[in-house]
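Engineer: just a sequence and a predicted model for now, questions to come.
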Amino acid sequence: MNYEEISKVLKAMADPNRIKIIDLLSNGTLCACEVLKHFEFTQPTLSHHMKVLEKANIVSVDKQGKWYHYTLRDEFVTEFMKNMHVLLDKELK
């Protein structure tokens with residue numbers, strides 16, 4: 001288990017807005033403009049949040065013309081779930 005990588009991911013997720021973005025993207029790829037509709041902050045603030053998630057390899061970005069489309073990375077989901085299972089797998093008594 002790579003503790004540094006897990007820590008990087010958890011730090012990126014340690015913001016309620018970024019958790020909500022992950023939740024939104026769990027339903028499929030969204031344009032930045034579609035994500036922004038769910039928040040009361042500016043596009044530059046959204047850009048900051050997306051950059052944090054991208055650097056942590058949680059989301060991938062695809063620029064199509066002037067629009068950015070974000071996708072929750074399947075590899076992130078698989079690895080995160082596996083790591084959390086290993087980390088928290090304690091026998092319940």
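Structural biologist: Perfect, I can see it now.
Engineer: low-confidence ranges, the protein, go.
Structural biologist: 90-93 (pLDDT under 70).
Engineer: which parts of the helix or strand where Phe76 lies are buried?
Structural biologist: Here Phe76 sits within helix 74-88, counting by DSSP states H and E. By neighbour count on 16 or more other Cβ atoms under 10 Å, the buried set for helix 74-88 is 76, 79-80, 83. C-betas here are computed from N, CA, C, even on glycine.
Engineer: for it, packing partners?
Structural biologist: helix 3-13 (3 or more Cβ pairs under 8 Å, 6 or more residues apart in numbering; DSSP states H and E).
Engineer: ok now the helix it packs on, how far from the chain's centre?
Structural biologist: 11 Å (Cα atoms, centre = their mean, to the nearest Å).
Engineer: for the closest residue to Tyr68 other than its chain neighbours, grab the count of nearby residues.
Structural biologist: Spatial nearest neighbour of Tyr68, excluding adjacent residues (Cβ to Cβ, 6 or more residues apart in numbering): Ala32 at 4.6 Å. Using other Cβ atoms under 10 Å, Ala32 has 15 other residues around it.
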